[in-house]
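**Student:** here's a sequence, model it:
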Amino acid sequence: MTVRIILVFCWAVVVSLSGCTLVDNAQVPVDFSIDGLYNVLPNQSGFWSAETNPINIDDLLENRSPDKVKAFRVYDIRVGIKGPYPSGQVSGTVAFSFDGSPTFTPILSFEGLYSEFAEGVSLVRRNNVITASTSGLESFLNALNNPNGRPTSIVLRTSGTTVTPVPDGVIVAVEIFAQADTDVF
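**Tutor:** Sure thing, here's the model as predicted:
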């Protein structure tokens with residue numbers, strides 16, 4: 001046991017005197033979600049659209065310094081519909097815009113029976129009701145991973161159609177689950 005302590009001590013002295021660092025710039029992943037709850041207003045035509053207020057990205061990252069954030073990634077997106085379900089199909093899209101831009105980019109589309117969305121449907125799990133937009137997700141991640149012009153806020157929008165009128169009390173819930181790699185030091 002004494003030999004191990006002496007060896008560890010000698011190793012620590014050599015490392016510290018040679019200018020080596022054991023941890024240069026450690027990073028930790030910070031999990032966060034971008035959530036949107038949309039109260040769908042009753043509509044006789046079956047079309048609906050709603051969007052979130054702007055969401056400050058720094059608030060999602062537990063107020064970590066923006067220059068400490070090195071990379072973003074999305075690991076799942078879930079869509080759920082809550083409230084009184086009309087019979088029949090529902091279809092729609094989820095889109096985003098950054099920093100107040102009037103242009104929204106779709107990141108996924110969904111289509112299925114209202115009842116299929118009661119528990120929320122995950123993009124990661126193979127299913128037939130959600131389809132990702134590869135170009136939309138790439139655009140989303142490219143903007144977040146641009147260190148020279150990273151956006152500061154995001155707005156999510158969902159819109160869609162139903163074959164029957166949307167009843168009062170229907171809520172569409174969208175959750176984007178993501179991680180950001182942040183420097184510790």
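**Student:** in this protein, where is pLDDT below threshold?
**Tutor:** Regions of the chain meeting the criterion pLDDT under 70 cover residues 1, 3, 7-25, 43-45, 63-66, 86, 126, 185.
**Student:** buried residues in stretch 167-183, which are they?
**Tutor:** 170, 172-178, 180, 182 (16 or more other Cβ atoms under 10 Å). To be clear about C-beta, it is placed using only N, CA and C from the backbone, and glycine gets the same treatment.
**Student:** what comes up buried for the helix or strand harbouring Phe140?
**Tutor:** In the assignment (DSSP states H and E), Phe140 maps to helix 134-144. The neighbour-count check on helix 134-144 (16+ other Cβ under 10 Å) flags 136-137, 139-141, 143-144 as buried.
**Student:** who does that helix touch, helix- and strand-wise?
**Tutor:** strand 69-82, strand 89-98, strand 105-113 (3 or more Cβ pairs under 8 Å, 6 or more residues apart in numbering; DSSP states H and E).
**Student:** can you count the residues close to Ile57?
**Tutor:** Using other Cβ atoms under 10 Å, the number of residues around Ile57 comes to 21.
**Student:** which residues touch it?
**Tutor:** 144, 150-154 (Cβ atoms under 8 Å, 6 or more residues apart in numbering).
**Student:** ok, it to Glu116 distance?
**Tutor:** According to Cβ to Cβ, to the nearest Å, Ile57 and Glu116 sit 31 Å apart.
**Student:** what segments of this protein are helices?
**Tutor:** 2-17, 57-60, 134-144 (DSSP state H).
**Student:** just the residues contacting the last one, thanks.
**Tutor:** Contacts of helix 134-144 with the rest of the structure, by Cβ under 8 Å, 6+ apart, involve 57, 72-74, 95-96, 98, 105-108, 149-151.
**Student:** can we see that at 7 Å?
**Tutor:** For helix 134-144, contacts defined as Cβ atoms under 7 Å, 6 or more residues apart in numbering pick out 72-74, 96, 98, 105-107, 150-151.
**Student:** quick check on these: which are buried?
**Tutor:** By 16+ other Cβ under 10 Å, the contacts of helix 134-144 give 72, 74, 96, 98, 105-107, 150-151 as buried.
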